[in-house]
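Chemist: pasting the sequence and the predicted model now:
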Amino acid sequence: MKHKKNSAFARQSAGDRALLIVAYTILGLFLAAIIFPIIYIILSSFIDPITLQNKGVTFDFSKWTLMAYERVLGNAQIWVGFKNALLYSIEATILGGVVTLLAAYPMSRPDFRGRGFFNVIFVITMFFGGGLIPTYLLINDLNLLDNPLAILLPCAFNVWNMIIARTYYQGIPRDLQEAADIDGATEMAYFFKILIPVCTPIIATISMWNFVGMWNSYFDAMIYLKDPAKQPLQLVLRSILIQSQPEAGMVSDIQSTAERAQLAELLKYATIIISSIPLMIMYPFFQKYFDNGIMAGAVKG
């Protein structure tokens, strides 16, 4: 197999080989730009804060410590935010997936009257929005301030996801629809019993997008959720990373201002790792569907 690859490479022209070398070099640089910061953050989260500040990353394991993780995991607000973020992400995934898949089905049918009109309306919303102030006034008029629905309902429908799902539907052979019609299946029966089971790749892709989007989102929660008991982990992470204000319980026992600053820097790295764990766990399970879903949804039809 290796010999075949080498012979195929040898048959390519000098220009093609040069282009491949340049492409692989660029991809390697991009990979290094992604991998090295992650490795640095992981290593830094285990190093004593004084050592990290004075010497940087070291492989002297006597200078390593779990203090940052102990303080982060021992803080109640971290767990509250983690629970809320996980709950909101799951709810957004389910809600967004159901609405998107249901909306994409009629838009994929050539016999749907007004399909062109609705396509134009949907696409317009991708480029023009109401803005922050009108949206805030709408949420306020609906009495949804400090209610998790304020961040869940606006993300229930994503036009781009609908277009991807619609294109995927259009790539499914019409023979399935015709066979279902011959058997007397209704539209609802065809959609839920025949169409949805063969759409696993696009469902997994949309679910992952919805989950990651809600998990990483903090701005809407910052605007609409004032109760700390309802705020997601991202707001806690924001206070640590951007505002450099870790939760009081994490540094309350340290009197020195310099030591507090050093520990706060270490807490940033530990919090980043902890907040990334759900995504690192779920991605390997979705990866086998992700490539097929995004490529088929973007190309077919």
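Modeler: Done, it's in.
Chemist: for residue 200, grab the count of nearby residues.
Modeler: 12 (other CB atoms under 10 Å). To be clear about C-beta, it is placed using only N, CA and C from the backbone, and glycine gets the same treatment.
Chemist: quick one: low-confidence ranges for this protein?
Modeler: The chain contains residues with pLDDT under 70 at 1-12, 240-263, 286-301.
Chemist: just give me the residue right at the centre of this protein.
Modeler: In the chain, the residue lying closest to the centroid (CA atoms, centre = their mean) is residue 212, at 1.7 Å.
Chemist: in the strand or helix carrying it, which residues are buried?
Modeler: For residue 212, the host element (DSSP states H and E) is helix 200-216. Neighbour-count burial for helix 200-216 flags 201-215 (criterion: 16 or more other CB atoms under 10 Å).
Chemist: likewise for stretch 219-236?
Modeler: 220-221, 224-225, 230-236.
Chemist: what of stretch 90-101?
Modeler: For stretch 90-101, by 16+ other CB under 10 Å, it's 91-93, 95-97, 99-101.
Chemist: residues contacting it, please?
Modeler: Outside stretch 90-101, the residues that touch it by CB atoms under 8 Å, 6 or more residues apart in numbering are 148, 152, 155-158, 161-162, 165, 196, 199, 203, 206-207, 210-211, 213-214.
Chemist: mind checking how far it is from the chain centre?
Modeler: 14 Å (CA atoms, centre = their mean, to the nearest Å).
Chemist: alpha carbons of that stretch, as PDB, please.
Modeler: In PDB, the C-alpha atoms belonging to stretch 90-101 read as follows (Å, rounded to 0.1, in the frame of the first residue of the first chain):
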ATOM      1  CA  ILE A  90     -29.100  19.900  25.700                       C
ATOM      2  CA  GLU A  91     -32.400  21.800  25.500                       C
ATOM      3  CA  ALA A  92     -31.100  24.000  22.700                       C
ATOM      4  CA  THR A  93     -29.900  20.900  20.800                       C
ATOM      5  CA  ILE A  94     -33.300  19.200  21.000                       C
ATOM      6  CA  LEU A  95     -35.400  22.400  20.400                       C
ATOM      7  CA  GLY A  96     -33.200  23.600  17.500                       C
ATOM      8  CA  GLY A  97     -33.000  20.200  15.900                       C
ATOM      9  CA  VAL A  98     -36.800  19.600  16.000                       C
ATOM     10  CA  VAL A  99     -37.700  23.000  14.600                       C
ATOM     11  CA  THR A 100     -35.000  22.900  12.000                       C
ATOM     12  CA  LEU A 101     -35.800  19.400  10.700                       C
END
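Chemist: returning to that earlier point: for the buried residues of helix 200-216, which one is nearest residue 131?
Modeler: Taking CB to CB as the measure, residue 131 lies nearest residue 213 of the buried residues of helix 200-216, at 19.9 Å.
Chemist: how near is that closest one to residue 155?
Modeler: 7 Å (CB to CB, to the nearest Å).
Chemist: try residue 192
Modeler: Between residue 192 and residue 155 the computed distance is 24 Å (CB to CB).
Chemist: and residue 162, what does it touch?
Modeler: 100, 103-104, 107, 122.
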